[in-house]
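Engineer: here's a sequence, model it:
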Amino acid sequence: MESRFRRLAVLVAAAVAVASGSAFAQQAATPPAEPMRTHPELTAPPIPNGGTGTVVTPANLATPNVHMLGHTPLGSTFTVSDVEIEQEVSRPFVYVSRMNGTDGSGGLSVLSIKDPSNPQVLIDWKLEHAELHRGMGAMDPKYFKIKGRYYVAQSMQWMQGGPDSDLGAVIFDVTGLPDVKTFREVARIRYPQAMGGFHNMFAYKHSDGRALLFTTTVGPNANVYDLEKVIANDPNALIGQVPVPHSIYGPGSYHDFYVGYDVATHQDKFYGAGTGGYYVFDVSKPETPALLTSVTAMGVPSGHTFTPTPDGRFAVAETEYQYAPLRIFDLKPGVEGGAINRPIGAWTANWENVVHNHEVRWPYVFVSGYEDGLQIFNMRDPAHPVTVGSYYTFDGPHNHGWGGVDHPDQGNNVFNGAFGVDVRNADGLIVVSDMTTGFWTFKLDGFNGWNGHRWGMPNISSAQDWDNGPEGAPKGKPVT
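Structural biologist: Reported below is the predicted structural model:
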């Protein structure tokens, strides 16, 4: 999807930016180098490498309420992408996707965090002949459970001009972990109708009992797969598609999405970010999705990530270009038939950079902030979000980000550092994957787990209840 990486001109206002942007958007100018961010365990005191700006020292590396528990490097820069943590404490396993980088690292790393202060790499799986492939590599891992067995789906994104440009995902059975001998591939998802693979995915326990996998494509729709059919290698596993509504920006694609159950309306809802903005669909019947509302705000030619609050009232939205804040939208006008064309609030860690993925655990939002590492803010007042904690995982120079599939280490942008973040609801453990420094575990003071009921909210988040399905859904006979 290198066509998404284009030069941009940016004009910033306080909460709304007018610009064009996309994943790993590249900036035209090359600013002077800034001081190297440093970690206490790497070097002390920090030594600036030229330029101006604030040096991140051991004294201001983190806010006092955020505690780094463990850290392990995983490889060279630009070989680490997203992260997924299993939700059951009795299964202390984490999955980290591996970009292809400059050394053919495309694959999946499996770690044990039985001791969060000492993460251990159990498996480093690489796609066969990854060095012959051209593309970003493995981008997004998602675990799921069917009939008592555990699986992980690893998305793949390879371009034409090399092998496997039709490969979207590889599925592994991980039930027997930590015994690495039991780790085995069980299926592959290919989609030759739109070469280029899947950038992002979302595994969802549907209210009808099915385990579903929503995937991006480079075409004008998201695919919906029945995961039980996928692992059975059923050729009819693709059961539906969620279209990208037409916009003034022409036909496009989704970049990322979230799927969750709306307890109030008893609907399974798809929250998609893509060309033209953000879209909410009713996917209660995933074979025939229905558009509910759209968010088309100024400065959002292409949405990146779109995550609602547990009650579906508000949503946190990212648009990936330098200087862009996370925007917060009130979705109520849209579901009532009106228009949504401006945010009610905005937040960023540093206006000179851009933040990336996020996990909503009301009232907190946990953010992987690229150069700004782990960031946490409180959105109890959505119009006035407040930063409550941070830890800088990135120790590289400013504006030395991802430079494209052919020269990933030659970029002049801010797309480097903390890429992915996830939260284990049972105990509040936070995990971060950093494109340069690897894998990290954290705890936030006072955050010892999350259950929406304790905050007056439905117990709905990206974490799935694979055994029982979403809270509030009718308990009829499950499909599986």
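
Engineer: where does the stretch 1-150 of the chain have low pLDDT?
Structural biologist: Along the stretch 1-150 of the chain, the model assigns pLDDT under 70 to residues 1-60.

Engineer: all the helices of it, residue numbers only.
Structural biologist: For the stretch 1-150 of the chain, applying DSSP state H, counting those that start in this stretch gives no helices.

Engineer: what ranges does it have for its strands?
Structural biologist: With DSSP state E, counting those that start in this stretch as the definition, the stretch 1-150 of the chain shows strands at residue ranges 7-8, 10-12, 17-19, 26-27, 66-72, 83-85, 93-98, 107-112, 120-126, 135-146, 149-158.

Engineer: those strands: which one's closest to Pro286?
Structural biologist: Of all those, strand 135-146 sits nearest to Pro286, with 15.3 Å by CB to CB. From N, CA and C alone the C-beta is placed, and that goes for glycine too.

Engineer: what packs against that closest one?
Structural biologist: In terms of contact count using 3 or more CB pairs under 8 Å, 6 or more residues apart in numbering; DSSP states H and E, strand 135-146 is assigned the packing partners strand 83-85, strand 93-98, strand 107-112, strand 149-158, strand 201-205, strand 211-215, helix 227-231.

Engineer: take those and write them to CSV, including distance to Trp450 and mean neighbour count.
Structural biologist: Written out in CSV, the entries for the helices and strands packed on strand 135-146 read as follows (distance: least, CB to CB, whole Å; neighbours: other CB atoms under 10 Å):
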stretch, distance to Trp450, mean neighbour count
strand 83-85, 13, 25
strand 93-98, 18, 26
strand 107-112, 22, 23
strand 149-158, 22, 24
strand 201-205, 18, 25
strand 211-215, 22, 25
helix 227-231, 25, 21
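
Engineer: tabulate those in TSV, adding columns for distance to His356.
Structural biologist: Below are the helices and strands packed on strand 135-146 laid out as TSV (distance: least, CB to CB, whole Å):
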stretch	distance to His356
strand 83-85	12
strand 93-98	14
strand 107-112	19
strand 149-158	16
strand 201-205	16
strand 211-215	20
helix 227-231	27
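
Engineer: which pLDDT value does the model give Tyr254?
Structural biologist: With respect to pLDDT, Tyr254 has a value of 97.

Engineer: who does it bridge with?
Structural biologist: In this structure, Tyr254 has the following beta-bridge partners (DSSP bridges): Gly274.

Engineer: before we move on, what about Ala153?
Structural biologist: Each beta-bridge partner of Ala153 is listed here, defined by DSSP bridges: Lys142, Ile171.

Engineer: from memory it sits against Lys142, does it?
Structural biologist: Yes: between Ala153 and Lys142 there is a contact under CB atoms under 8 Å: 4.9 Å.

Engineer: okay, and the common contacts of these two?
Structural biologist: By CB atoms under 8 Å, 6 or more residues apart in numbering, Ala153 and Lys142 have these common neighbours: Met201, Ala203, Leu213.

Engineer: ok, the first one touching Ala153?
Structural biologist: So that's Met201. Yes: in this structure Met201 lies within contact range of Ala153 using CB under 8 Å: 6.2 Å.

Engineer: state the phi and psi torsions of Arg454.
Structural biologist: Per-residue torsions, Arg454: phi -70, psi -10 (degrees, to the nearest 10).

Engineer: residue contacts, it?
Structural biologist: The neighbours of Arg454, taking CB under 8 Å, 6+ apart as the test, come to nothing; the list is empty.

Engineer: any idea of the mean pLDDT in stretch 384-392?
Structural biologist: When pLDDT is averaged over stretch 384-392, the result is 97.

Engineer: buried ones in it?
Structural biologist: Counting neighbours by 16 or more other CB atoms under 10 Å, one finds that the buried residues in stretch 384-392 are Pro385, Val388, Gly389, Ser390, Tyr391, Tyr392.

Engineer: before we move on, what about stretch 438-458?
Structural biologist: Under the neighbour-count rule (16+ other CB under 10 Å), stretch 438-458 has 438-444, 447, 450, 452, 455, 457-458 buried.

Engineer: what's the closest non-adjacent residue to the residue nearest in space to the middle of the chain?
Structural biologist: If you average the C-alpha coordinates of the chain and look for the closest C-alpha using CA atoms, centre = their mean, you land on Asn357, 4.7 Å from that point. Taking CB to CB, 6 or more residues apart in numbering as the measure, Asn357 lies nearest to Ser368, with 4.9 Å between them; neighbours along the chain are not counted.

Engineer: show me what the one you found bridges to in the sheet.
Structural biologist: Leu374.

Engineer: spit out the contact partners of it.
Structural biologist: Under the criterion of CB under 8 Å, 6+ apart, the neighbours of Ser368 are Val355, His356, Asn357, His358, Leu374, Ala418, Phe419, Gly420, Val421, Val432, Ser433.
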